[in-house]
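Chemist: From the sequence below, what's the structure:
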Amino acid sequence: MVEEKRGEGKPIKADFLFEVSWEVCNKVGGIYTVLKSKIQQTVKKYGDKYCLVGPYFHAKVKGEFEELIMPEEYKEGTEALKALGIVPHYGKWLTEGSPNTLLLDFQPFFAKKDEIKQKLWDNFKIDSLNSPFEFDEPVVWAWAVGVAIESFFKRYTSQWRIAAVFHEWLAGAGILYFKSQKSPIGTVFVTHATVLGRSLANAGIDIYHKEKDNTILLSTMDFDLEAYNRQVSSKHQLEKACAHNAEVFATVSEITGIEAEHILQKRPDLLVPNGLNLDDFPTIEEGSIKHKIFRDKIYHFLLHYFFPYYHIDIENTLIYFIASRYEMHDKGIDIFIRSLGRLNRMLKEEEESEKSIVVFFWVPTGVRGIKPEIIENKTFFKDIEGSLKDNAEHVMWRLLSTFVADKPIDKETIFDKEFLDDIKRKVMRFKREEKAPPVCTHDLLDPNDPITSELRKEGLNNAKEDKVKVIFYPIYLAGADGLLDLTYYEAMQGSHLGVFPSFYEPWGYTPLESGALGVASITSDLAGFGMYIKKHISEECLGICVLERMGNPDENVVEVLKNKLHDYSMMTKKDRVNNKVEARKLANTADWDVLIDNYLDAQNLCIERRFG
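Modeler: Numbers count the residues shown, from 1 in each chain. Now for the predicted structure:
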């Protein structure tokens, strides 16, 4: 076949591309974002010769997937697949780019589970005899994917060079199916994080800790034994087999590549960093306008959150935040809280410091509901606000007439006595000066919640004299929660600084998203994005700052982070604006228009290796 160039840029060598993931039309993690965000660029390259493949779950496809009539090239194999217990659904993923999508209902095929697991043992020595359902389910589906692709395209494989990209071990059994059948299909295996690496990090083990001889702990471990002890043996063995049997093995970042080279004993052929469509994000000018709008909404929330207890200088208040899954150690929430504790003590000692810092923890967890006192505070505040709005026209008239009459302005001139007395009563009802504002917006299911426990330990109690105030906001930012009423991106845009000091983060979208929204951030060199962006940032750490955590004791990291948080609080408005501009520029380096070439390189390489 002649090498073809569809669209602009890098030529492609595959005649057809499948991209296989458990998260196609099935949002369960970060890969869903990766897939959706790069669809436009992939469709631009391959057109109709691109098809995503995922699992069919009836309850999840509504609003995600539009089913269409099966195209001719698929019809021949459909009945044969149904006879095996695999029911294909063809259509479009309802997202930008509208890619061809094949979802497989594999529930009837599940009867072949033991037969599949036997083949995995016979051919690849994957011991899954006692594996749980969370292993068996994606393995049976991924095997069905291999069967389906082969069935549909059997008559084309002598003419077409077909490439298939498989994401994570959950899709990996499809690679092993092709290998065992000697199918003429080139495969790429992409790991976004190794199973064992994540398990070790969750246990608090620093796999990059340097020993006395300067070797990292990662290079001294027995990984098969570790996987067995942590009950992830089947997944680890499957992941390892995929890395070794795919034509091309790729990881999303340099840090994950180091991890994979040791744990899977295979160095990645290529890196395929995650990106965003920067065209979907506001320009610097648009971002500046939106920052003011959403910042003011956050300030409005702070009025009824803090003012019943005491007054804070809203105009001199900075908004910091962390947004993540509830992984206390892996996401660096623990060291962030320790740094904030030190920062609070430091600022209280600085008499000249006029700044207040409010820190949001947007970290979802189990809740009973919004705290009753917060609901009451907001209700009383809205009542005061409503009274002012009701009198706005009258007040405007009095102000106007006073100005044009050149009379002195005072309270009595603008407001009548009845109104002032009414407002005074309402303000008195609003006040709760006998206590401090809560550190959490909701009543939590866990009475020993780690975040609130750590905040108390660090003395972050929202006392009046505290310069660092904290708000643990343990629900998803959906835009209509009865409190902030902002979406995830809106809340980020209204803030000044995002802090993501991760201990384990194979990539990490949040600092990239922050940059795309024109928000400065701090990440770490243990995050894939942190290591990636480190090569692009200036020594002054403008826009995005990378915290050095690799091989660094937590005590040192906490102190450095405290200083960075303090430095940012001391910046002038002009400096903060410069940081916003630089953050947006840095985000441009991770635009899919730039990064899609890495995936094309992986697909082209697999075609070269499979077909010569």
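
Chemist: In contact with the nearest residue to F223 once chain neighbours are set aside, which residues?
Modeler: Spatial nearest neighbour of F223, excluding adjacent residues (CB to CB, 6 or more residues apart in numbering): I263 at 5.1 Å. In this view, the C-beta of every residue, glycine as well, is placed from N, C-alpha and C. The neighbourhood of I263, defined by CB atoms under 8 Å, 6 or more residues apart in numbering, consists of 194, 196-197, 218, 223, 236.

Chemist: Most neighbours of all those residues, which one?
Modeler: Greatest neighbour count in the contacts of I263, by other CB atoms under 10 Å, goes to T194: 28 neighbours.

Chemist: Please name the spatially closest residue to it (chain neighbours excluded).
Modeler: I263 (4.9 Å).

Chemist: Check I314 too.
Modeler: Spatially, and ignoring its direct neighbours in sequence, I314 is nearest to Y299 (5.1 Å; CB to CB, 6+ apart).

Chemist: any chance you could map the strands in the stretch 51-200 of the chain?
Modeler: Under the criterion DSSP state E, counting those that start in this stretch, strands of the stretch 51-200 of the chain are mapped to 65-67, 87-93, 100-105, 162-167, 185-191.

Chemist: Which stretch among these is buried most, on average?
Modeler: Ranked by mean neighbour count, the strands of the stretch 51-200 of the chain are led by strand 185-191 with a mean of 28 (mean count of other CB atoms under 10 Å).

Chemist: Tell me how far that one lies from the chain's centre.
Modeler: 24 Å (CA atoms, centre = their mean, to the nearest Å).

Chemist: can you give me the mean pLDDT across it?
Modeler: Averaged over strand 185-191, pLDDT sits at 98.

Chemist: can you check stretch 148-156 too?
Modeler: 86.

Chemist: now stretch 269-280
Modeler: The average pLDDT for stretch 269-280 rounds to 96.

Chemist: in that stretch, what's buried?
Modeler: 269-278 (16 or more other CB atoms under 10 Å).

Chemist: Go through those residues and say which is closest to G482.
Modeler: L276 (29.8 Å; CB to CB).

Chemist: Who is that closest one paired with across the strands?
Modeler: In this entry, L276 is beta-bridged to D591, by DSSP bridges.

Chemist: Pretty sure it sits against R584.
Modeler: No - L276 is beyond contact range of R584, at 11.7 Å (criterion: CB atoms under 8 Å).

Chemist: what touches both of the two?
Modeler: A516.

Chemist: re the thing from before, could you report the distance from the residue nearest to I314 to V395?
Modeler: Look at Y299 and V395: by CB to CB, to the nearest Å, they are 22 Å apart.

Chemist: May I see the buried residues of the helix or strand bottoming out on mean pLDDT in the chain?
Modeler: Ranking every helix and strand in the chain by mean pLDDT, DSSP states H and E puts helix 411-414 at the bottom, with a mean of 78. The neighbour-count check on helix 411-414 (16+ other CB under 10 Å) flags I414 as buried.

Chemist: next helix or strand past it?
Modeler: helix 417-430 (DSSP states H and E).

Chemist: now for that following helix, which elements pack on it?
Modeler: Applying 3 or more CB pairs under 8 Å, 6 or more residues apart in numbering; DSSP states H and E, we find helix 417-430 packed against helix 372-390.

Chemist: how far off helix 417-430 does the helix it packs on point, in degrees?
Modeler: With axes from the mean of the first three to the mean of the last three CA atoms, to 10 degrees applied, the angle from helix 372-390 to helix 417-430 works out at 170 degrees.
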